[in-house]
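Chemist: Provide a 3D model corresponding to the input given below.
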Amino acid sequence: MSKYYSNLDLCFSALGDPTRRMILQRLARGEATVSELAEPHEMALPSFMEHLKKLEAANLVKSRKEGRTRICQLAPDAFTPAKDWLNEQNEIWEGRLDRFDDYIKNLMQERNK
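Modeler: From the prediction side, this is the model:
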């Protein structure tokens, strides 16, 4: 089992919301203040802060205080848990499809005998 599974549910839950995905897309371009991140979203700041808390709990976003301003950035290797899990699932399904393809080929060969 991957060492990232313990954080996987939090990661996918955080990615399941369009507002949080927009925040991550913005942070992919570089760090930003909370105000800059909140500006395009039509919601009260406390509601917006709940989105940031969920992203931080999932280790997707890190923040720091500079004076009275909170600066956010993508966490290093933020998407590693999701990427690793998806890669594992892809390998499983590719293996299953390869075995199914072999099975069909064998059936066709037996049928043509």
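Chemist: every contact and neighbour count from this point should use C-alpha atoms.
Modeler: Fine.
Chemist: ok now the top helix by length along the chain, how far from the chain's centre?
Modeler: Among the segments of the chain that qualify as a helix by DSSP state H, the longest is helix 80-111. Centroid separation for helix 80-111 versus its chain: 24 Å, with Cα atoms, centre = their mean, to the nearest Å.
Chemist: doesn't Glu66 make contact with Ala32?
Modeler: No. Applying Cα atoms under 8 Å, one finds Ala32 not in contact with Glu66, separated by 11.9 Å.
Chemist: what pairs with Arg64 across the strands?
Modeler: Beta bridges link Arg64 to Ile71 when assigned by DSSP bridges.
Chemist: what is the neighbour count of it?
Modeler: 11 (other Cα atoms under 10 Å).
Chemist: list the contacts for it?
Modeler: Under the criterion of Cα atoms under 8 Å, 6 or more residues apart in numbering, the contact list for Arg64 reads 70-72.
Chemist: ok, and the most crowded of those residues?
Modeler: The most crowded member of the contacts of Arg64, judged by other Cα under 10 Å, is Cys72 (22 neighbours).
Chemist: state the distance from that residue to Glu66.
Modeler: Distance of Cys72 to Glu66, computed by Cα to Cα, to the nearest Å: 11 Å.
Chemist: got it, and Leu37?
Modeler: Between Leu37 and Glu66 the distance is 16 Å, computed by Cα to Cα.
Chemist: so for those two, which sits in the more crowded spot?
Modeler: A direct count of neighbours by other Cα under 10 Å for Leu37 and Glu66 places Leu37 higher, at 19 against 9.
Chemist: quick one: that one is in a strand?
Modeler: No. Leu37 is assigned helix when assessed by DSSP: H, G, I helix; E, B strand; the rest coil, not a strand.
Chemist: contacts only, for it.
Modeler: Each residue near Leu37 by Cα under 8 Å, 6+ apart is listed here: 23, 26.
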